[in-house]
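Novice: Build me a structure from this.
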Amino acid sequence: MPEPATVLLFAVSAVALIAIPGPNLIYIVTRGMSQGRRAGVASALGVETGTLVHITAAAVGLSALLASSAAAFEVIRYGGAAYLLYLGIRTLRAKDEPPMGEPSPGLRLRRVYAEGVLVNVLNPKVALFFLAFLPQFVDPHQGAATPQVLALGAVFFAIALMLDLLYVLGASSAGERMRRRPALVRRLTGGVYLALAAAALAGGRRHAA
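Specialist: Have a look, this model is predicted:
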């Protein structure tokens, strides 16, 4: 297991990295603003469940496939961009049932959660991030790498979820007035999804270059 000093250094680094707005955080904030606190919490839980998937993949070495195989990277990248594009178009066309207000319990919140998982899992850059970031804090003298990666990943997950929920609280409060104008919220939310899809594709072109 990592030494306490290593865990502390890792935690400080993780806070600095997580606090920087990225696609996952933008997605969570958008959900909180457009659909309210419960949807924001569900999306945060979904995104961070995806983080657990990436951490597990890094621990067992599956992320190395993305780092070494351009084809695998492209397949996942296009899959993620297509899903964000789908969310954007669906939101913009949802004139009869705009994404506003508190979602009903049950199926709808489960869908919000599942979409959060997919948004994160279908982002190959997250897998590559953990493959590059976590090993920097692994000490070969402290035993096998896999338990250390899992332990550090658990710390990262806890910090990320805590910060995500703080952002959700702020976003849901700020979105209360906006949700009184459903057409504006629908256009803003759909535009954010489309922008994230475009950013994913643009990032892939830079990666290929």
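
Novice: ok, now how distant is residue 111 from residue 14?
Specialist: Applying CB to CB, to the nearest Å, the value for residue 111 to residue 14 is 29 Å. C-beta coordinates here come from the backbone N, C-alpha and C atoms, glycine included.

Novice: Show me which of those two is the more surrounded one.
Specialist: Between residue 111 and residue 14, counted using other CB atoms under 10 Å, the more crowded position is residue 14 (20 against 14).

Novice: what about the spatially most central residue of the chain, distance to residue 194?
Specialist: Central residue of the chain (CA atoms, centre = their mean): residue 24, 3.3 Å from the mean position. Separation of residue 24 from residue 194 (CB to CB): 17 Å.

Novice: can you pull the pLDDT of the residue sitting furthest away from the middle of the chain?
Specialist: Within the chain, residue 141 marks the point farthest from the mean C-alpha position, 32.4 Å out by CA atoms, centre = their mean. For residue 141, the pLDDT comes out at 77.

Novice: helices or strands up against the helix or strand where the residue nearest to the centre of the chain lies?
Specialist: Here residue 24 sits within helix 23-35, counting by DSSP states H and E. In terms of contacts (3 or more CB pairs under 8 Å, 6 or more residues apart in numbering; DSSP states H and E), helix 23-35 is packed against helix 37-60, helix 107-121, helix 145-178, helix 182-208.

Novice: now, of those, which is deepest in the fold?
Specialist: Of the helices and strands packed on helix 23-35, the one with the most neighbours on average (mean count of other CB atoms under 10 Å) is helix 37-60, at a mean of 22.

Novice: relative orientation of that helix and helix 145-178 in degrees?
Specialist: With axes from the mean of the first three to the mean of the last three CA atoms, to 10 degrees defining the directions, helix 37-60 sits at 160 degrees from helix 145-178.

Novice: Thanks again, I'm all set now.
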